[in-house]
Structure formats: structure tokens, C-alpha cells
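In: whatever this is, show me its structure:
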Amino acid sequence: QEAFVRAWDRLDQFDAGRDFRPWLLKIVVNAARDRQRWRGRVDRLKLQVAQESGVRRNQRSPEGEVVSRERMQAILDEIDQLDETDQQILTYRFFLDLPTAEIAEIIDMPHGTVRSRISRARRQLRERLATIDAGDLPTDNREQS
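Out: Have a look, this model is predicted:
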């Protein structure tokens, strides 16, 4: 809702000669990114409180829970180390499931550059996380569009 309010407030800035969807998605994604930053802080605090209180998710063994948490934290830490644009591209591709052509239009970058940045970022994550099961990394077996 917040994104649509932002779009409504900025409707006079829309270039009628361009497609509406990428313009709107850019506003939605920026609003989501702002909210995600805020929610990330809250989620980390909740996780810390849960860990301190001994609450276990999914009734895993304590060892499995520790390994799972460490894996996820390592992945998130490594994603945080990527360039902000690469973080944004990976978010659009793997969390919003946008095609690379649309990502390219949203961030005003050539399509081929978006594809290569996805590939490079995934390779960097794989290399940095060599000790972590690669199955935890997102895969992109879909046709690059």
C-alpha cells in the first residue's frame, strides 16, 4: 500500500513515453527494500531473543539447528558483502522472480550486464561459502529472459 501511495504522489513524474510497469515496480521495490531494512533489524532481534530463551524452530536437534542457523547467517553475511547493485539484482531475480530483461529496465542497465552480474554474484557467493552446502544457494535454472 505504501508503494502505491508513493506512486500516486509521484504520478506527475511518470514519463508517458515509457512502460508503466517497470516504473511502478521500481517504486514498489524501493519501498520494499526500505521496509526490509527495517524488518531485518526486527527479525535479527527476534532471532536473538529466541536463541537466548532456548526456543527451537521445527523441532530439529540442537546440533542441526546450530548448523542451519550458522549456514543461513553465513549466506546472509556474504550477501551483505556484495556490491549494493548486486544485492539489488539478486533480490529482484530470486526473491521477486523478475526476468532479467525487466530487471535491466528497472535499474537502467543493459540486459547482458544484468545477466553477467547475476552470474558473477552467484559465483562469488559460491567461492566464499565453499565450506557450506551449495544447496543453500539459489539456483536459476529458468530461461534467462
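In: select the helix or strand of the chain having the lowest average pLDDT value.
Out: helix 20-53 (a mean of 74; mean pLDDT, DSSP states H and E).
In: convert stretch 73-82 to CSV, retaining C-alpha atoms only.
Out: Provided in CSV are the C-alpha atoms of stretch 73-82 (Å, rounded to 0.1, in the frame of the first residue of the first chain):
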residue,chain,number,x,y,z
GLN,A,73,23.9,-16.4,8.8
ALA,A,74,27.0,-17.1,6.7
ILE,A,75,25.0,-16.7,3.5
LEU,A,76,23.3,-13.5,4.7
ASP,A,77,26.7,-12.1,5.8
GLU,A,78,28.2,-12.9,2.4
ILE,A,79,25.3,-11.3,0.5
ASP,A,80,25.7,-8.2,2.7
GLN,A,81,29.3,-8.0,1.5
LEU,A,82,28.3,-7.8,-2.2
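In: now do that stretch: distance to the chain's middle.
Out: 11 Å (C-alpha atoms, centre = their mean, to the nearest Å).
In: give me the helices and strands touching the next helix or strand after the least confident helix or strand of the chain, please.
Out: Heading C-terminal from helix 20-53, the first helix or strand you meet, by DSSP states H and E, is helix 62-81. If you count contacts as 3 or more C-beta pairs under 8 Å, 6 or more residues apart in numbering; DSSP states H and E, helix 62-81 packs onto helix 84-90, helix 111-128. C-beta coordinates here come from the backbone N, C-alpha and C atoms, glycine included.
In: look up how far Pro22 lies from Asp97.
Out: Plainly put, Asp97 is 15 Å away from Pro22 if you go by C-beta to C-beta, to the nearest Å.
In: neighbour count: those two, which is higher?
Out: Taking other C-beta atoms under 10 Å, Asp97 and Pro22 do not tie; Pro22 has more neighbours (18 against 8).
In: on the three-state scheme, the closest residue to that one other than its chain neighbours is what?
Out: Once flanking residues are discounted, Pro22 sits nearest to Glu105: 4.4 Å by C-beta to C-beta, 6 or more residues apart in numbering. Recorded secondary structure, Glu105: helix (DSSP: H, G, I helix; E, B strand; the rest coil).
In: Glu105: neighbour count?
Out: Going by other C-beta under 10 Å, the residues that sit close to Glu105 add up to 20.
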